[in-house]
Structure formats: structure tokens, C-alpha cells
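1. give me coordinates for this.
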Amino acid sequence: MTRHLVCLTFDFDTSAGMIARGLTSPTPVSRGEFGAVAAPRILRLLERRGLASTWFVPGYTAATYPDAVRAVAAAGHEIGNHGWSHVPPAQLAPADEERELVEASALLEDLSGRAPRGYRSPSWDLSPVTIELLERHGFAYDSSMMGNDFTPYPARVGDRVALGEPLRPGRASAVAELPVSWALDDFPHLEYLKTPDGVQLPTFSPSTLFDNALGDFTWMQRELDRGVLTITMHPYIIGRGHRLLALEAFVDALVGRGARFVTAEAAVAAWQNR
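-> You can find the predicted model right below:
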């Protein structure tokens, strides 16, 4: 059995990311709503090819589109915690961060029948206490950091970071880190965004994202005995027709190269049991 794994992960934000950025007029909210339209398309694609995946779901999406979240779980995909409001943890007080974490988990467990074992922070911006909170509440893994590319590693608690001083690493926690990369995320490649802080202008070409990912898998397979390639997508972004065609071609190419598609939880377990 191949030890070169692929995790297709979907951040099921719907409108939460727009609202968290203060974009609450009808048009940006409607952009996020498209995620609920696109999710069934993605589920059909995954079903046709027999692929496992992980969906990180904010409490906002679970509360607004409960049937859509139930459908993801019913199709056998992993449900992970993605906070409640999509406000990055680094911008929340510790008590508010913990409240969002707990409330989102409770709602996701109610909809899916299983408490989330994995967490991904909104905008990949952890607070100094996030890993400690995940440890306290029994999470197996986080998927928000970038300290490696193909190899999970123990997330640390209590790092000391100060300008002009060397990093003073904290202790290794019981929470595994499944690393991510902006180069393997559809948002910077495909999503136009205008906020009071400026404009993000992407290429709008899915080939840049999937060329990156296919090249990374090729290198991982050639150079490493084992590894995990983690791709991050958003239903409201990747779920348009031409992008779904590109996703189909990408997964078919990986299947042809012997990739094994697993959930994030399964990838972490395989690393821990290596």
C-alpha cells in the first residue's frame, strides 16, 4: 500500500469569511452563499471517484446550512472544527476563542454524530493559546501551520518569540500538526477580494494551483519514503464548473501516479503509527 498520501480538504466557510472581514453587504454575502450550491457538486465528484476528504466547517455554516453539513457527514467525509465566526484566533481573547471552539464542536457533533478530532484556524492565524486549547479539549490534530511540507509534526505550546531574539521553543504538545501552504490553497490563486485594506488580485487560473500540487506530489514521491500532500479548497471558490473540471483532471492524474486519498485524521494516524 502506498505511503504517499493526499488530503483533499475543504474549508466550508460559506459567508463566514466575508462577514468576519466586515463585508456584510448583499453581494459579498451572496458570494459565500454559493458554497452551499457548490458543496453537492463536490460531493458528487468525490463519490464518483471513491475519494475520502476532510471538511473544516465553521459554526456559522453549520448553523446556517445544517442539511449541507449533514450531507457531507452522511457521505462519509471527515468533519473538522473551523471556529465559529471565522475571526482568526489571533484576533480573539482567549475566553472568546475557547467559547467559539467549544460551541462549534458541539454543533458539529450534533449534526454529524461525531465530535471533531481536527481543527483548522480561520485564515491560518493561531493565537498563542490555540494549541493548548486544542490539547485541553481532546483534539488529535491541527492543520494551520507551515513548519514542514509533507511531514506532520508535534505542535508546540509556549514558544517565546521576540523581535531581535532567537526563538525559544516551547514543549511538544499531544496535538499533531498537519502542515498547509498558501501555494496549495485555492483562495490566493482564484479569489478576488476587495477590503478596506486593499485588493487581492489572483490569476483566476486553477492550473497554477494544481500544477503546484502535482509538482509537490511528484517531488514527494521521488524523494521521500512517505509523506502527506495537503490541498486546501473552499466550495464557494473551487465549485465553479471550469474549476471542478480542473480538480477532476488533477485527482485523476494523482490516481494514475499511485496516490492514496485519505482524511486528515487518517493521515495523522498513519504518521503516528509509522
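2. can you give me the helices for the stretch 1-150 of the chain?
-> In the stretch 1-150 of the chain, the helices defined using DSSP state H, counting those that start in this stretch lie at 16-20, 26-49, 59-64, 66-74, 94-112, 130-136.
3. any idea which of those helices gets closest to residue 231?
-> Nearest to residue 231 among these is helix 26-49 (12.6 Å), distances taken as Cβ to Cβ. Where you see a C-beta, it was placed from the backbone N, CA and C, and this is true even at glycine.
4. and that closest one, what does it pack onto?
-> Helix 26-49 makes packing contacts with helix 16-20, helix 66-74, helix 235-238, helix 241-256 when contacts are defined by 3 or more Cβ pairs under 8 Å, 6 or more residues apart in numbering; DSSP states H and E.
5. reformat the ones you listed as a markdown table; add distance to residue 38, mean pLDDT and mean neighbour count.
-> As requested, those are exported to a markdown table (distance: least, Cβ to Cβ, whole Å; pLDDT from 0 to 100; neighbours: other Cβ atoms under 10 Å):
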| stretch | distance to residue 38 | mean pLDDT | mean neighbour count |
| --- | --- | --- | --- |
| helix 16-20 | 14 | 96 | 23 |
| helix 66-74 | 10 | 98 | 17 |
| helix 235-238 | 4 | 98 | 26 |
| helix 241-256 | 8 | 98 | 16 |
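6. for residue 145, which of those is the nearest?
-> Among the helices and strands packed on helix 26-49, if distance is taken as Cβ to Cβ, the winner is helix 16-20, at 19.2 Å.
7. out of the helices of the stretch 1-150 of the chain, nearest to residue 233?
-> When the helices of the stretch 1-150 of the chain are ranked by distance to residue 233, counting by Cβ to Cβ, first place goes to helix 26-49 at 8.2 Å.
8. how far does that closest one sit from its chain's centre?
-> In terms of Cα atoms, centre = their mean, to the nearest Å, the centre of helix 26-49 is set 15 Å apart from its chain centre.
9. what sits up against stretch 103-117?
-> Defining contact as Cβ atoms under 8 Å, 6 or more residues apart in numbering, one finds that stretch 103-117 is touched by 57-59, 62-63, 66, 69-70, 72-73, 78-84, 137-141, 265.
10. just the mean pLDDT for it, thanks.
-> On average, the pLDDT along stretch 103-117 is 98.
11. next one: stretch 131-143
-> When pLDDT is averaged over stretch 131-143, the result is 98.
12. that one: which residues count as buried?
-> For stretch 131-143, the buried set under the neighbour-count rule, 16 or more other Cβ atoms under 10 Å, comprises 131, 132, 133, 134, 139, 140, 141, 142, 143.
13. gap between the two ends of that stretch?
-> Between the opening and closing residues of stretch 131-143 lies a distance of 11 Å (Cα to Cα, to the nearest Å).
14. again, but for stretch 129-140
-> Its first and final residues considered, stretch 129-140 spans 16 Å by Cα to Cα.
15. how close does residue 254 get to residue 260?
-> Distance check for residue 254 against residue 260: by Cβ to Cβ, to the nearest Å, it reads 9 Å.
16. what touches both of those two?
-> Between them, residue 254 and residue 260 have residue 6 as joint contacts when contacts are counted by Cβ under 8 Å, 6+ apart.
17. for the protein, give me the ranges with low pLDDT.
-> Scanning the chain for pLDDT under 70 picks out the ranges 1.
18. kindly recompute the last result at 90.
-> Residues of the chain meeting the criterion pLDDT under 90: 1-2, 193-201, 274.
19. apart from its neighbours in sequence, what residue is nearest residue 233?
-> For residue 233, the nearest residue in space outside its immediate sequence neighbours is residue 186; the separation is 4.7 Å by Cβ to Cβ, 6 or more residues apart in numbering.
20. neighbours of the one you found, how many?
-> Residues contacting residue 186 under the criterion other Cβ atoms under 10 Å number 25.
21. closest to residue 269 out of the buried residues of stretch 131-143?
-> For residue 269, the closest of the buried residues of stretch 131-143 turns out to be residue 140, at 7.9 Å, with distances computed as Cβ to Cβ.
22. good, wrapping up.
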